[in-house]
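Novice: Below is the structure, and that's it, no one-letter string:
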């Protein structure tokens, strides 16, 4: 599953962009292992999020090892700065890899 699926969502912010408001997205499992990926330009459809809606796709394979994907407790978004962010259309998608 790790190399065949991704977290996908829409994102926009008010007044700040990715360079001013880094965001980490990931999972925590029931063993309290918490792993996330910093939203870089490779994950954002427009290269960077800002005041317009952009689609973000983070492959599960890009999350650091050590997370049990069969025992997920919750998904997290961690803002690493001050600002306001909107998240919508959150889903788990297949990557179409064999």
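Specialist: Thanks, I have the structure now. Fair warning: this is a prediction, and the values are worked out from it, not measured in the lab.
Novice: Run through the protein and note the low-pLDDT ranges.
Specialist: 1, 16-19, 97-98 (pLDDT under 70).
Novice: go with 50
Specialist: Regions of the chain meeting the criterion pLDDT under 50 are absent.
Novice: ok, now which ones touch the residue nearest the centre of it?
Specialist: Most central in the chain under C-alpha atoms, centre = their mean is residue 25, positioned 3.8 Å from the mean C-alpha point. Counting by C-beta atoms under 8 Å, 6 or more residues apart in numbering, residue 25 touches 7, 36-37, 39, 56, 58, 75-78. Every residue, glycine included, has its C-beta placed from N, CA and C.
Novice: Within the helices and strands, which one has it?
Specialist: Using DSSP states H and E, the element containing residue 25 is strand 23-29.
Novice: That strand pairs with which strands?
Specialist: Sheet pairing for strand 23-29, assigned by DSSP bridges, gives strand 34-38 (antiparallel), strand 72-79 (antiparallel).
Novice: of all the ones you listed, which lies closest to residue 12?
Specialist: For residue 12, the closest of the strands paired with strand 23-29 is strand 72-79, at 13.3 Å, according to C-beta to C-beta.
Novice: Name the next helix or strand downstream of that closest one, please.
Specialist: strand 85-94.
Novice: could you check the angle strand 23-29 makes with that next one?
Specialist: 50 degrees (axes from the mean of the first three to the mean of the last three C-alpha atoms, to 10 degrees).
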